[in-house]
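1. using only what follows, build the 3D model:
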Amino acid sequence: MKIKKIIFLIIAIILGVSFIGRSKGSVTLTGSVFDYILRDTKGEVIEFGLITNFKHQKEGEQACKYVLENLKISPKNYSNILKNKKIYSVEFNNEKLEGYIQSTKYDEYNVLTLNIKEKSRTNELDKLEQKVKKSLGNRDVSFFKYVKAKIDDRDLEKENKKIMTLLRNIGGQEIQTVKLDNGFSTIANINKYTPVNVNGRLVDFNYAVCSYYSGNYIIMGTPEILISY
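-> Numbering: from 1, shown residues only. Just a heads-up that it's a prediction; the model follows:
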């Protein structure tokens, strides 16, 4: 069973990192920040997805199958099922949706984690979020969301600076960039989404511009990117 490292990161987040109420701001955009940046960078969307977790009291396997059934994911699309006294986990992959769901048992409650993505050339992240919310019975949960797109610009430093300027133009604050081996990663508080506290800094938007053998990409996430890049 391939247990993804991100499971443990997510559980740590739900148990140890609190979401901070969104600050009131005067930022006004036509559409989402994701689409705003995609238009300017001429990014070609490849995939988008989201991650959520929450405490629950149901039996783990029952809770996972309830969500998968609501997402219209058939058991024939299940793989790598793990079931023991503490964990029920299953990966899934059908024509549209791919990811995994896991319920982990603790002493007084269970934690359900859902990591789901959809491959598409158009950004339909909002539709996926609504679909997932419905599958969870409209439970009040928070999401870590992302969009990944391919970009043509080979000068990643120039591209990164351009995006930083875009964020400032829409009221972004606390913008901080870190150089990576294959690009740049930037965090900011743009007062658009629900932020998290990262080392005393409010962050509600994170993006990375990276270079691979297959090309150059931008990955945007809120409040943080929780997929590998």
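2. what comes up buried for stretch 220-229?
-> For stretch 220-229, burial by neighbour count (16 or more other C-beta atoms under 10 Å) applies to M220, G221, T222, P223, E224, I225, L226, I227, Y229. Quick note: C-beta positions are derived from backbone N, CA and C, even for glycine.
3. now do the fourth one, the pLDDT please.
-> Confidence at P223, expressed as pLDDT, is 96.
4. what does the last one give?
-> Looking at Y229, its pLDDT stands at 81.
5. pick the one among the buried residues of stretch 220-229 closest to Y212.
-> The closest of these to Y212 turns out to be Y229 (C-beta to C-beta; 9.4 Å).
6. that older thread, identify the farthest-apart pair in the buried residues of stretch 220-229.
-> It's P223 and Y229 that sit farthest apart of these, by C-beta to C-beta, at 15.8 Å.
7. tell me the one of the buried residues of stretch 220-229 nearest N110?
-> L226 (20.6 Å).
8. JSON lines for the buried residues of stretch 220-229, including secondary structure and distance to R201?
-> Conversion of these to JSON lines gives the following (DSSP: H, G, I helix; E, B strand; the rest coil; distance: C-beta to C-beta, whole Å):
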{"residue": "M220", "secondary structure": "strand", "distance to R201": "18"}
{"residue": "G221", "secondary structure": "strand", "distance to R201": "16"}
{"residue": "T222", "secondary structure": "strand", "distance to R201": "15"}
{"residue": "P223", "secondary structure": "coil", "distance to R201": "11"}
{"residue": "E224", "secondary structure": "coil", "distance to R201": "11"}
{"residue": "I225", "secondary structure": "coil", "distance to R201": "15"}
{"residue": "L226", "secondary structure": "coil", "distance to R201": "17"}
{"residue": "I227", "secondary structure": "coil", "distance to R201": "21"}
{"residue": "Y229", "secondary structure": "coil", "distance to R201": "20"}
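9. nearest to E98, of those residues?
-> Nearest to E98, judged by C-beta to C-beta, of these is I227 at 12.2 Å.
10. list the contacts of the closest one.
-> I6, G49, Y146, K148, I219, G221 (C-beta atoms under 8 Å, 6 or more residues apart in numbering).
11. packing partners of the helix or strand harbouring L202?
-> Taking DSSP states H and E as the definition, L202 sits inside strand 201-203. Applying 3 or more C-beta pairs under 8 Å, 6 or more residues apart in numbering; DSSP states H and E, one finds that strand 201-203 contacts strand 173-180, strand 183-189, strand 196-198.
12. so what strands line up beside the helix or strand following that strand?
-> Sequence-wise, the next helix or strand downstream of strand 201-203 (DSSP H and E) is strand 205-212. Strand 205-212 pairs in its sheet with strand 183-189 (antiparallel), strand 215-222 (antiparallel), by DSSP bridges.
13. the ones you listed: which one's closest to E129?
-> strand 215-222 (11.0 Å).
14. so how far is the closest one off the chain centroid?
-> Remark: strand 215-222 is offset 12 Å from the chain centroid, using C-alpha atoms, centre = their mean, to the nearest Å.
15. send me it as CSV with only the CA atoms.
-> Below are the C-alpha coordinates for strand 215-222, written out as CSV (Å, rounded to 0.1, in the frame of the first residue of the first chain):
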residue,chain,number,x,y,z
GLY,A,215,8.5,22.0,-19.5
ASN,A,216,7.9,24.9,-17.2
TYR,A,217,4.9,25.0,-14.9
ILE,A,218,3.1,27.2,-12.4
ILE,A,219,1.3,25.7,-9.4
MET,A,220,-1.0,28.0,-7.4
GLY,A,221,-2.6,27.1,-4.1
THR,A,222,-4.6,28.5,-1.2
